[in-house]
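Enquirer: Turn this into a structure:
(one chain, ligands or ions: 2)
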Amino acid sequence: MHYGADYYPEHWPEERWEEDARLMQAAGLNVVRMAEFAWTRMEPSEGAFNFGWLDRAIALLGRHGIRTVLGTPTAAPPAWIMAAHPDATLIREDGRPVTYGSRRNYCPNNADYRRHSARIVTAMAEHYSGNPLVIGWQIDNEFGGRCYCPVCQAAFQRWLQDRYGSLEALNAAWGTEFWSHIYSAWEQIPLPWAATGTHNPSLALNYRRFMSDSYVDYQRAQIDILRQICKDVPITHNMMGFGYPNLNYFDLARDLDWVSWDNYPRLRGEPDPAARALAHATMRGLKGKPFWVMEEQAGPTGGSTVALTPRPGEIPYWAWQAVAHGADGIVYFRWRTARFGAEEYWHGILDHHGIPGRRYDEVRSMGEVLERMGDRLDGSRVSASVAMVLSYDSRFAFQNQSHNPHLDYPRVFASLYRALWKRNIGVDIVPCVAELGRYRIVLAPMLYLLDADTAERFRSYVAQGGTLVMTCRSGVMDMDNVVVDTRLPGLLSALFGIEVEEYDSLEDGRAVAIKGVGPLQGPRGEGSAWADVLALQQAESLACYEGEYYASRPAITASRVGKGRAVYLGTLPDEALADAFLTALGARPEFSSLVRADSGLEVVERTADHASYLFLLNGTGDEKRADVGAGGHEWITDREVAGEMVVPPLGVRIVESPRG
Ligand code: GLA
Ligand code: ZN
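Expert: Numbers count the residues shown, from 1 in each chain. Ligands and ions are numbered 1, 2, ... in the order given. Take a look at the predicted model:
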């Protein structure tokens, strides 16, 4: 288990480093991430490298048992590079460049910027190759943004040429007939700059795919250099969880050895444990492997404003929640709060003065537990019997055509996840192409774009006994973002045994009453955001509308295909109805050791060959109880437990029981 902090030795006098390392070691920290914003310090002018300071920091930390993940520094371009290459500046949607300052202000397709990036990455790789204290690399920092510059436009045109082969094919696939947009030369194809109205949806979607690919490609150029020179040292990138909408994280993760992400539960508003859980599950799902939190909140966040300070107990509670969901590394942002710069109010473990306080003590208390048992979690995996299919293609398409403000793809996705989370059901987040056979239930909400391959795999998953749940706005588009020419849900109609006769976009925020019927008899609730009016072909109705002109028409349906079931939600059910509906599907936690838990207590299981670890996480302000049956060793309080346990507010318990 890696436990550490993001450290910026270049922000502090060198005389202080020893004290920092001593305090880190005393808190149980064994890793730091460094250098990801230190380009000018490492290369003050072209080709003049200065690694002495970093060598000394790495060595000094090493003497305290702390190893280093090095960040490549390309997220914050030096002034001397951007002054020499004004064209490397990111151009906004309105066609105007951003100004120098802040960060993430470069174009990922710019050849000059790529040349400079390759040079600093090569120099770092050559300098640190073979250094046993450098145990990993982080590429850049929080990739994101979209560039609308002429270089990107030309690159987009080439990207389209690869994809479509000919202009005829592109024109046909996009329906450029509409508004006379038929292209007769590749150079005519624009980027979706700010325009007088809506762009062609096929153009808009492909630009988003292209921009995501541009960062994947820019990242790969750095990875290639590091792999060649540093051989087996693993490589990551720090992502932004489920919430970040502009990159296809499945693609970005493919070239990496491991995924990491930045977790700030108190960025704004009250922390939401279900949202955190979804973010962790998403990051775990990118490679189907354990991940790290590369920046775990350790103090009040802030730029020009300052957010609430983490309440006592929150810091370790958040970090343990990450571990429960599959994190094998927790790295706090940041060690000590900067005294200068744009983030002088983004607080770390230590405040500006550098004297350890309450937050340091909390970090240390978790460090003590990890020293005792952290290694036991090695190789354990989070148990999940349910999968949710995340489609960045569909998400990108909705960014261009949001339908209505209540039908937000990530919000709908998160609300269905939340219904599962509340029941403590382990959920994997998977891409469309995932192997689904090992899941009892698969939910694929708002799978707007659908190809025949995916439709066929879904069908065979159901035929072989799976339960598939899909929603309105699925199977609407082909992969070019053009509406299918059959009744909805298009390629899924036969599987679900339904046809959408009409739909009603509830854009004014109205809800329509629904009541359960047949096997779901009893519960009443509301649907919102959208209402498909369904005609049954080979399905039964599980719920009907009670209002609007479609009262008594089916709202939720189920069909039997082979050994499985295909369930369709024509509208978005409220929480109570979603819960009743999950009960009817037989959705329950997969772990056996837990007998019962109070509602509000989050329970997650990690299993290894030798043992299983039941994490009980109380994110509420009240005591919660759980009956852990035969129980086992509890690692936070370090004692044997069985039967009923009490978990205090913001408390965590980890019960180990032997397996097999
Ligand atoms: C992000 C970045 C860090 C830092 C923190 C705090 O997650 O990766 O460099 O800026 O936020 O703002
Ligand atoms: Zn560009």
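Enquirer: List the contacts of V476.
Expert: By C-beta atoms under 8 Å, 6 or more residues apart in numbering, V476 lies in contact with Y448, L449, L450, V483, V484, L488, P489, G490. Bear in mind the C-beta positions are built from the backbone N, C-alpha and C, glycine included.
Enquirer: Verify the contact between the fifth one and V500 for me.
Expert: Right, V484. No. With contact defined as C-beta atoms under 8 Å, V484 does not count as touching V500 (11.2 Å).
Enquirer: Settle it for me: which of those two has more neighbours?
Expert: Comparing V484 with V500 by other C-beta atoms under 10 Å, the one with more neighbours is V500, at 22 against 15.
Enquirer: Please enumerate residues in contact with the helix or strand containing the more buried one?
Expert: V500 is part of strand 498-505, with elements assigned from DSSP states H and E. By C-beta under 8 Å, 6+ apart, the residues outside strand 498-505 that reach it are 403-404, 407, 472, 487-489, 493, 530-537, 539, 548, 550, 554, 557, 559, 568, 570.
Enquirer: Go ahead and measure how far the helix or strand just after that strand is from the middle of the chain.
Expert: Using DSSP H and E, the helix or strand that follows strand 498-505 in sequence is strand 511-516. Strand 511-516 sits 32 Å away from the centroid of its parent chain (C-alpha atoms, centre = their mean, to the nearest Å).
Enquirer: show me where the stretch 51-200 of the chain has strands.
Expert: For the stretch 51-200 of the chain, the strands defined by DSSP state E, counting those that start in this stretch cover 67-71, 134-138.
Enquirer: And the last one, what's buried?
Expert: Residues V134, G136, W137, Q138 are the ones in strand 134-138 that count as buried (16 or more other C-beta atoms under 10 Å).
Enquirer: Now tabulate the strands of the stretch 51-200 of the chain in a markdown table and tack on distance to ligand 2.
Expert: Listed next are the strands of the stretch 51-200 of the chain as a markdown table, based on distance: least, C-beta to the ion, whole Å:
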| stretch | distance to ligand 2 |
| --- | --- |
| strand 67-71 | 23 |
| strand 134-138 | 23 |
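Enquirer: can you redo these as TSV with mean pLDDT?
Expert: Below are the strands of the stretch 51-200 of the chain laid out as TSV (pLDDT from 0 to 100):
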stretch	mean pLDDT
strand 67-71	98
strand 134-138	98
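Enquirer: Report pLDDT for the residue in the chain that ligand 1 sits nearest to.
Expert: Evaluated by C-beta to the nearest ligand atom, the chain has D262 as its residue closest to ligand 1, separated by 3.8 Å. In this model, D262 is scored at 98, pLDDT.
Enquirer: mind checking which helix or strand of the protein has the lowest mean pLDDT?
Expert: Within the chain, no helix or strand scores below helix 575-585, which has a mean of 89 by mean pLDDT, DSSP states H and E.
Enquirer: where does the chain have low pLDDT?
Expert: Within the chain, the stretches with pLDDT under 70 are 660.
Enquirer: Quick check: residues of it near ligand 2?
Expert: C107, N109, C147, C149, V151, C152 (C-beta under 5 Å from the ion).
Enquirer: now the helix or strand harbouring A204 and strand 67-71, what's the angle there?
Expert: Using DSSP H and E, A204 falls within helix 201-230. Orientation check (axes from the mean of the first three to the mean of the last three C-alpha atoms, to 10 degrees): helix 201-230 against strand 67-71 gives 140 degrees.
Enquirer: after helix 201-230 comes which helix or strand?
Expert: That would be, after helix 201-230 and using DSSP H and E, strand 235-236.
Enquirer: which other helices and strands contact the helix or strand following that following strand?
Expert: Later in the chain than strand 235-236, the nearest helix or strand by DSSP H and E is strand 238-239. For strand 238-239, the contact count by 3 or more C-beta pairs under 8 Å, 6 or more residues apart in numbering; DSSP states H and E identifies helix 249-254, strand 260-263 as packing neighbours.
Enquirer: now these in TSV, with mean neighbour count?
Expert: TSV is the format used below for those (neighbours: other C-beta atoms under 10 Å):
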stretch	mean neighbour count
helix 249-254	21
strand 260-263	24
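Enquirer: Dump those to CSV, plus distance to V293.
Expert: Shown next, in CSV, are the helices and strands packed on strand 238-239 (distance: least, C-beta to C-beta, whole Å):
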stretch, distance to V293
helix 249-254, 15
strand 260-263, 5
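Enquirer: Got the domain ranges for this structure?
Expert: Using automatic domain parsing, the domain ranges for the chain come out as 1-34+258-374, 36-45+67-254, 386-585, 596-658.
Enquirer: Let me have those domains in a markdown table, adding distance to W53 as columns.
Expert: Shown next, in a markdown table, are the domains of the chain (distance: least, C-beta to C-beta, whole Å):
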| stretch | distance to W53 |
| --- | --- |
| domain 1-34+258-374 | 7 |
| domain 36-45+67-254 | 7 |
| domain 386-585 | 40 |
| domain 596-658 | 38 |
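Enquirer: How much space separates S202 from M479?
Expert: Separation of S202 from M479 (C-beta to C-beta, to the nearest Å): 10 Å.
Enquirer: more neighbours, the two?
Expert: Taking other C-beta under 10 Å, S202 and M479 do not tie; S202 has more neighbours (21 against 16).
Enquirer: Contact partners for the more buried one?
Expert: Residues in contact with S202 (C-beta under 8 Å, 6+ apart) are A173, W174, G175, D480, N481, V482.
Enquirer: run the last query once more with 6 Å
Expert: W174, D480, N481 (C-beta atoms under 6 Å, 6 or more residues apart in numbering).
Enquirer: neighbours around the second one, how many?
Expert: The burial metric for D480, expressed as a neighbour count using other C-beta under 10 Å, is 18.
Enquirer: Now do the same contact list for it.
Expert: Taking C-beta under 6 Å, 6+ apart as the test, what D480 contacts is A173, S202.
Enquirer: change it to 10 Å
Expert: When contacts are counted by C-beta atoms under 10 Å, 6 or more residues apart in numbering, D480 touches 163-164, 170, 172-175, 201-203, 205-206, 449.
Enquirer: ditto for F581
Expert: Applying C-beta under 10 Å, 6+ apart, the residues near F581 are 419, 469, 516, 520, 523, 525, 542-543, 556, 567, 569, 573, 587.
Enquirer: again, only this time at 8 Å
Expert: Applying C-beta under 8 Å, 6+ apart to F581 gives the contacts G516, L520, P523, L542, A543, I556, P573.
Enquirer: Which one (most neighbours) among these?
Expert: Neighbour counts for the contacts of F581 peak at I556, which has 30 neighbours (criterion: other C-beta under 10 Å).
Enquirer: Tally up the residues packed near the residue of the stretch 201-350 of the chain at minimum distance from ligand 2, please.
Expert: Using C-beta to the ion, S214 is the residue of the stretch 201-350 of the chain that sits closest to ligand 2, at 7.9 Å. Burial measure for S214: 21 neighbouring residues, criterion other C-beta under 10 Å.
Enquirer: cool, R395 as well?
Expert: So R395, with other C-beta under 10 Å, has 20 neighbours.
Enquirer: Same question for M211.
Expert: Around M211 there are 26 residues (other C-beta under 10 Å).
Enquirer: again, but for G586
Expert: For G586, using other C-beta under 10 Å, the count is 9.
Enquirer: what does the chain have sitting close to ligand 1?
Expert: By the rule C-beta under 6 Å from any ligand atom, the part of the chain lying against ligand 1 is N141, E142, N238, D262, E295, F333, E343, W346.
Enquirer: repeat that for 8 Å
Expert: Selection of the chain residues close to ligand 1 by C-beta under 8 Å from any ligand atom yields 6, 36-37, 75, 103, 141-142, 238, 240, 262, 264, 294-295, 301, 303, 333-334, 342-343, 346.
Enquirer: of those residues, buried ones?
Expert: For those, buried by 16+ other C-beta under 10 Å: 6, 36-37, 75, 141-142, 238, 240, 262, 264, 294-295, 301, 333-334, 346.
Enquirer: Can you pick out the ones from the residues you listed that are in helices?
Expert: Among these, no member is found in helices (DSSP state H).
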